[in-house]
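> Quick check, what structure comes out for this input:
(chains A and B)
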Amino acid sequence: MSKKEKQLAEAFIAGKIGRRELIKGMTALGVTTATAGVLVNAAATEALAQNGFDWKKHNGTSIKLLLNKHPYTDAMIANLENFKALTGMDVQYDVFPEDVYFDKVTAALSSGSSEYDAFMTGAYMTWTYGPAGWCDDLNEFIHDADKTNPDYNWEDVLEGVRKSCAWNGRPGGALGSDDAKQWCIPLAYEQNNLTYNKRIFDANGLAVPTNIDELMGTAAAAGAAIDGGYGIGVRGSRSWATIHPGFLSGYTNFGQVDLNVGADGKLTAAMNTDVSKDFHSKWVKMIQDSGAPDWSTHTWYQVGTDVGSGKSAMMFDADILGYFMNGPGNAEAGNLAFSAFKANPDAAAPTPNIWIWSMSMSSFSKQKDATWYFLQWVTGPEHDLFGAREMDLVNPARSSVWADEMFRNKLSNSYPGYVEMHDVSAPGASIKFTAQPLFFDLTTEWAATLQKMVANEVPVDEGLDMLAESVNKQLNEAGL
Amino acid sequence: MESVNPIERALRGIAITLVILFFMFPIFWIILMSFQTNETILRMPPSMVFTPTLENYMALITGKLETSAGILEIAFMKNLFNSFFLSTASVAIGLVLGVPAAYAFARLKFKGSEDIAFTLLSFRFAPPLLVLLPLTIYFQQLGLANTYGGLIWVYQLIVLPLILWIVRGYFEDIPADVEYAYRIAGHSWGATFRKIALPLAGPGIAAAALLAFIFAWNNFVFALVLASADKQPVTVGALAFVTASGIQYGQIAAGIVLSIAPTFALALYAQRYLVEGLSLGAVKG
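Model (predicted):
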């Protein structure tokens, strides 16, 4: 970084100049916008180095990460040199495609391998990894002033997201309870809301739906308006991942839960209540009337690709999936818009279930203190802000980043309604499942039941009663 | 001379054309996709009329993949090299070990020979995931984890039984009298193996090597679990095009074309040996 570039970056960090002046100045020096972002973060990192914390304590140490191929990982790698300069540490990493990523993680952890010191994970996965002794409780690091820099500001991480990564290990135990262990720390997260094609909506005079009944009606009208397309994309494969996005977000909005926790701590199925049956009926009818013809095979990829190519008019799925599909390379780039969605007209606010890409520390790491230095940096405010402003680290998990005007303007300019959607639904965003070891099995069975209902193989009432009976049997057999 | 009814000939021609279309159309469609952008691939309705582009192949060869989320680094050519190296080295070692063993099992009836041969075959029965976890632990203790040597060793689970059993059948089909005549002339077992049995078994060995290469090439899980990202074969590397920010259909198609090219060329070249070797080795006269 030249002296002039450095001065510009430092002036920006100190708030003496705005983004426009920064870009203008950097452009005059022949620096691209992306590189300017890295330079600004280098200046921020230098500022971080002055906070009195001994960042060089593990100088010369090398750690290795296991990462998933994802835009969040790209943001991490793009900023890695700043961490190395700050600490004098070296960071090696292995990046694996998402399709096989968790197989690799499971193999590495279950064999007790010390090759990787830290790894990316979803919060749901830590319900297996944590109790198995594969990843560490990070509370002991977060709250240790000798190990954590004073600017880390843990409370800045959005409460619902932060607590969703913490569990006490007791089946049915509330996420984020006082005795919960922090199995992972959020990098960024996804809420489930509506992404709709504004071009199609405007051309056909459609209004953005605000509850489940309107959603059904709008999906039917939109489906009729698209030649060869369909109204609404939601996931449908026989997988737990079918339940967790739009479906559970809508379901929870009616006050419904997956499992009840008794006074004795025993779990029982809760998905065959009258309200649940009514919601299931509407969901099933919506798919039958306006969903993809091959809905039962639809995963993240198909739902996203169809809304990005204009084959579907909207989707009730992860907001960041809509964010990606609104980018270049998609036929409908620039046409997608976003809206918070509460399925229940009587609910006060949306209640989106969330997926959190986060970082965990391997229990088999032989250099945990050094690894924590990396974890506190990559989940800290500086990197989060860099990723949000300059890369695609959406949705950032820190409230300070959501308050950043530059980030909000970046979103508002290209992703209409995204910021407003986030602001409305973030207070209610958290993991809505009950944490327990049979999570993947039971939720996959729920998805299989949904498939049968949509295929008219079983009526909704009967299907949910059968599902509840099966869930109770499995919980009982597992002593839960 | 047998005369063929013209109607029968026409029907036969139509049937053959339909079969060829059925099997070749997916390959043809993938080749077309490899010259299109994601946008044209996903347009509705699909069309065979498009402006061809080489950008998918360029992305694979240069290692820079442009997506809606920015430019991604991809290591497809490295993956392709890994597949080629692992498969070739594994088959070479498999041939060195397996062909003499196959000859011994075919010609020398010793105590426990069938049990040993069956044990080797049983390596093919076990699901890879069953053996991978203990293997991972042993490999870490032995320092073989994340090494090409370790992977080539594990690949013997795939190639060795295949080579051994195919080549064994072929050796058994060679009349033993030819070898006895050579031995009566004062030559050793080793010389008989090299000068008589090996040349006669050539097509069978080639067929076994080709099949073993294809099986090794298609393997997915061994390298995934036992090695780092820089040693992954193309079967794992190709999944990098399926990202959270979208599926890169064009690059996937180009990747398929590039990754099937070596085995396709090899199969075309060795087709005669493949059919002859397999059919002769499989039928005992």
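
> can we go C-alpha only for contacts and neighbour counts from here?
OK.

> Within range of chain B, give me the residues from the stretch 251-400 of chain A.
A:300-301, A:304-305, A:309, A:311, A:321, A:324-325, A:327-331, A:392 (C-alpha under 8 Å from any C-alpha of the partner chain).

> how about the closest residue to B:Ile74 other than its chain neighbours, what does it touch?
Leaving aside its chain neighbours, B:Ile74 sits nearest to B:Gly63 (4.8 Å; criterion: C-alpha to C-alpha, 6 or more residues apart in numbering or on different chains). Listed by C-alpha atoms under 8 Å, 6 or more residues apart in numbering or on different chains, the contact partners of B:Gly63 are B:73-77.

> one more time with 6 Å
By C-alpha atoms under 6 Å, 6 or more residues apart in numbering or on different chains, the residues touching B:Gly63 are B:73-75.

> Let's see stretch A:89-104 as PDB, backbone CA atoms only.
Extracted in PDB, the C-alpha atoms of stretch A:89-104 (Å, rounded to 0.1, in the frame of the first residue of the first chain):
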ATOM      1  CA  MET A  89       0.400 -16.400  12.000                       C
ATOM      2  CA  ASP A  90       0.000 -18.500   8.900                       C
ATOM      3  CA  VAL A  91      -3.400 -19.900   7.800                       C
ATOM      4  CA  GLN A  92      -3.800 -22.900   5.600                       C
ATOM      5  CA  TYR A  93      -7.100 -24.000   4.400                       C
ATOM      6  CA  ASP A  94      -9.000 -26.800   2.500                       C
ATOM      7  CA  VAL A  95     -12.100 -25.800   0.600                       C
ATOM      8  CA  PHE A  96     -14.600 -28.500  -0.400                       C
ATOM      9  CA  PRO A  97     -17.800 -28.300  -2.400                       C
ATOM     10  CA  GLU A  98     -20.900 -28.000  -0.300                       C
ATOM     11  CA  ASP A  99     -22.300 -31.200  -1.700                       C
ATOM     12  CA  VAL A 100     -19.600 -33.300   0.000                       C
ATOM     13  CA  TYR A 101     -18.500 -30.800   2.600                       C
ATOM     14  CA  PHE A 102     -20.200 -32.300   5.600                       C
ATOM     15  CA  ASP A 103     -19.100 -35.800   4.700                       C
ATOM     16  CA  LYS A 104     -15.600 -34.500   4.900                       C
END
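
> who's in contact with that stretch?
Here stretch A:89-104 makes contact (C-alpha under 6 Å, 6+ apart) with A:59-69, A:84, B:225, B:229, B:239-240.

> Spatially, which two of those are the most separated?
Maximum pairwise distance in the contacts of stretch A:89-104, criterion C-alpha to C-alpha, is 35.8 Å, between A:Asn59 and B:Leu239.

> more neighbours, the two?
A count of neighbours by other C-alpha atoms under 10 Å in any protein chain shown puts B:Leu239 above the other of A:Asn59 and B:Leu239, at 20 against 15.

> Next one: the more buried one from A:Asn476, what distance?
39 Å (C-alpha to C-alpha, to the nearest Å).

> now do A:Thr73
For A:Thr73, the distance to A:Asn476 (C-alpha to C-alpha) stands at 40 Å.

> Which of the two has more residues huddled nearby?
More crowded of A:Thr73 and A:Asn476, by other C-alpha under 10 Å: A:Thr73, with 19 against 13.

> Could you check the pLDDT of the more buried one?
pLDDT, A:Thr73: 92.

> Could you find the closest non-adjacent residue to it?
Here the residue nearest A:Thr73, using C-alpha to C-alpha, 6+ apart, is A:Leu67, at 6.8 Å.

> give me every residue that touches that neighbour.
Counting by C-alpha under 6 Å, 6+ apart, the residues that A:Leu67 touches are A:94-95, A:119-120.

> of those, closest to chain B?
Closest to chain B out of these is A:Asp94 (5.3 Å), distances taken as C-alpha to the nearest C-alpha.

> Please settle this for me: is the closest one part of a strand?
Yes: per DSSP: H, G, I helix; E, B strand; the rest coil, A:Asp94 lies within a strand segment.

> which residue does the stretch 51-200 of chain A bring closest to chain B?
A:Pro97 (4.8 Å).

> What is the neighbour count of that residue?
The tally of other residues near A:Pro97 (other C-alpha under 10 Å) stands at 22.

> What separation do you get for A:Ala270 and chain B?
According to C-alpha to the nearest C-alpha, to the nearest Å, A:Ala270 and chain B sit 32 Å apart.

> Name the nearest residue to that residue, sequence neighbours excluded.
Nearest non-adjacent residue to A:Ala270, counting by C-alpha to C-alpha, 6+ apart: A:Leu259, 4.8 Å away.

> where does that neighbour land on pLDDT?
On the pLDDT scale, A:Leu259 is placed at 96.

> can you give me phi and psi for it?
phi -130, psi 150 (degrees, to the nearest 10).

> Tell me if I'm right that it and A:Thr268 touch.
Yes: contact criterion C-alpha atoms under 6 Å: A:Leu259 and A:Thr268 qualify, at 5.5 Å.

> where do the contact lists of these two overlap?
Joint contacts of A:Leu259 and A:Thr268 (C-alpha under 6 Å, 6+ apart) do not exist.

> how does the chain divide up, domain by domain?
Defaulting to chain A. For chain A, automatic domain parsing gives the domain ranges A:1-50, A:57-189+A:356-420, A:191-353+A:431-477.

> actually it's chain B I care about, not the one you picked
Domain ranges of chain B: B:6-73, B:76-282, per automatic domain parsing.

> Deepest-packed of those domains, please.
domain B:76-282 (a mean of 19; mean count of other C-alpha atoms under 10 Å in any protein chain shown).

> What mean pLDDT does that domain get?
Regarding domain B:76-282, the rounded mean pLDDT is 87.

> So what does residue 169 have for phi and psi?
No chain specified, so I'll use chain A. Per-residue torsions, A:Gly169: phi 90, psi -10 (degrees, to the nearest 10).

> Show the pLDDT at it.
pLDDT, A:Gly169: 93.

> Also the one 3 residues further on?
As predicted, A:Gly172 sits at a pLDDT of 94.

> and for the host helix or strand of A:Val424, what are the contacting residues?
Taking DSSP states H and E as the criterion, A:Val424 maps to helix A:418-425. By C-alpha under 6 Å, 6+ apart, the residues outside helix A:418-425 that reach it are A:338-340, A:350.

> mind redoing it with 7 Å?
Contacts to helix A:418-425, defined as C-alpha atoms under 7 Å, 6 or more residues apart in numbering or on different chains, come from residues A:338-340, A:349-352, A:408, A:411-412.
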